[in-house]
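[1] what's the 3D shape of this:
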Amino acid sequence: MELIHSLILGIVEGVTEFLPISSTGHMILTSYLLGIQGEVVNAFEVFIQLGAILAVVVLYRHRFACLFDFKTPGGGFRGIQGWLMLAVTSLPILVLGKLLEHTIKSHLFNPLTVSWALALGGVVLIVIERLRFQQAITSLDELDVKSAFKIGLFQCAALCPGVSRAASTIIGGLFNGLPRTVAAEYSFLAAVPIMMIVCLKDLLEIWDKLSPHDLTAFGLGFGVAFVSALLAVKTFILMLQRTSMAPFGIYRIIVAIVFFWLLQNHPLS
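    Predicted coordinates for the structure are as follows:
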């Protein structure tokens with residue numbers, strides 16, 4: 001890993017992780033453009049996700065602190081109910097991901113699949129914004145365990161790289177009566193447990209393949225991903241307060257078209 005690669009990938013990870021544009025897809029496409037691959041690169045991409053996770057923990061530290069409040073009555077996103085909500089949201093994708101792990105990594109982690117997923121997902125975002133949803137919930141504390149589980153089912157779509165975990169959970173939130181900003185907030189919070197589990201699992205599998213020489217590149221990428229994610233999450237919430245997700249759908253389609261052209265004219269060797 002060269003430092004310039006660490007810088008670029010760190011920015012891409014931080015900016016895209018919590019936006020409805022697929023961080024995994026963008027990392028695959030960016031690695032393709034940079035011409036880098038291999039076990040060290042895979043380990044790096046997993047490691048810098050922890051930087052993005054830390055950004056959400058810092059930004060929503062008050063929300064995570066509520067999970068350790070077991071005395072205040074009334075339910076909501078706190079105490080046992082908060083932990084249960086995160087658990088039922090994470091469970092479907094963990095189970096399905098374990099069952100399909102080999103198939104997904106063998107057949108779907110490639111620029112062509114990502115391009116198709118970005119394009120189709122972009123169309124879905126545009127169509128979704130033309131629908132009218134009944135907003136039965138006004139704050140995260142009104143979300144119940146049943147709705148959290150349904151959002152977890154939507155999240156399973158993100159097993160296909162390029163779909164976007166953020167997009168699938170936000171759409172799941174909209175179908176369960178959450179306004180955009182609340183759906184996005186829950187998407188950020190729900191990302192932490194699932195990403196922590198997946199990242200730690202993958203790191204344990206490849207940790208012995210790393211060397212002290214990789215530490216500088218990994219540290220740079222981690223820091224850049226952390227700062228980029230902080231800015232991206234804040235900006236995303238402000239955008240949702242003023243506009244829809246349709247611009248992200250248009251962006252996805254444009255990126256997909258560019259990569260379809262690149263793959264046609266500069267195919268992988």
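
[2] low pLDDT regions in the stretch 101-250 of the chain?
    Regions of the stretch 101-250 of the chain meeting the criterion pLDDT under 70 are absent.

[3] which residue ranges form the strands in it?
    Assigned by DSSP state E, counting those that start in this stretch, the stretch 101-250 of the chain shows no strands.

[4] next up, the contacts around T30.
    Contacts for T30 were tallied using CB atoms under 8 Å, 6 or more residues apart in numbering; they are I8, L9, V12. Any C-beta I mention is one placed from the backbone N, CA and C, and that applies to glycine too.

[5] and with 10 Å instead?
    H5, I8, L9, I11, V12, E13, T16, I36, E45 (CB atoms under 10 Å, 6 or more residues apart in numbering).

[6] closest to I53 out of these?
    E13 (10.5 Å; CB to CB).

[7] show the pLDDT at that closest one.
    As predicted, E13 sits at a pLDDT of 95.

[8] which SS class is it?
    Put simply, E13 is helix when judged by DSSP: H, G, I helix; E, B strand; the rest coil.

[9] doesn't S31 make contact with it?
    No: at 11.2 Å, E13 and S31 do not qualify as touching, with contact defined as CB atoms under 10 Å.

[10] pull up the overlap in contacts between these two.
    Common contacts of E13 and S31 (CB under 10 Å, 6+ apart): F44, E45.

[11] which of these two has more residues huddled nearby?
    Regarding E13 and S31, a neighbour count based on other CB atoms under 10 Å identifies E13 as having more, with 29 against 21.

[12] residues touching the more buried one, list them.
    Shown in contact with E13 (CB under 10 Å, 6+ apart): 23-24, 26-27, 30, 44-45, 47-49, 51-52, 221-222, 224-226, 228-229, 232.

[13] now with 8 Å?
    Here E13 is in contact with S23, M27, E45, I48, Q49, G51, A52, G221, A225, S228, A229 (CB under 8 Å, 6+ apart).

[14] do the same with S23
    V12, E13, T16, E17, Q49, A52, S164, R165.

[15] now, which of the residues you listed sits nearest H62?
    Looking across the contacts of S23 and measuring by CB to CB, the closest to H62 is A52, at 19.1 Å.

[16] pretty sure the closest one contacts G223?
    No: the criterion here is CB atoms under 8 Å, and A52 misses it with G223 at 11.3 Å.

[17] and those two? which has more neighbours close in?
    When A52 is set against G223 and neighbours are counted by other CB under 10 Å, the residue ahead is A52, at 28 against 16.

[18] which stretches of the stretch 101-250 of the chain form helices?
    Along the stretch 101-250 of the chain, the stretches classed as helices by DSSP state H, counting those that start in this stretch are 111-128, 145-155, 165-175, 180-206, 215-242, 246-265.

[19] F70 is in contact with Q81, isn't it?
    No: F70 lies out of contact with Q81 (CB under 8 Å); the separation is 10.0 Å.

[20] compare these two (neighbour count), which wins?
    Shown here are F70 and Q81; by other CB under 10 Å, Q81 has more neighbours (18 against 10).

[21] doesn't G75 make contact with the more buried one?
    Yes: if you go by CB under 8 Å, Q81 and G75 touch, sitting 4.8 Å apart.

[22] how distant is the helix or strand hosting A87 from the center of its chain?
    Using DSSP states H and E, A87 maps to helix 79-107. The chain centre lies 13 Å from the centre of helix 79-107; the measure is CA atoms, centre = their mean, to the nearest Å.

[23] likewise stretch 204-218?
    With CA atoms, centre = their mean as the basis, stretch 204-218 stands 23 Å off its chain's centre.

[24] okay then, goodbye and thanks.
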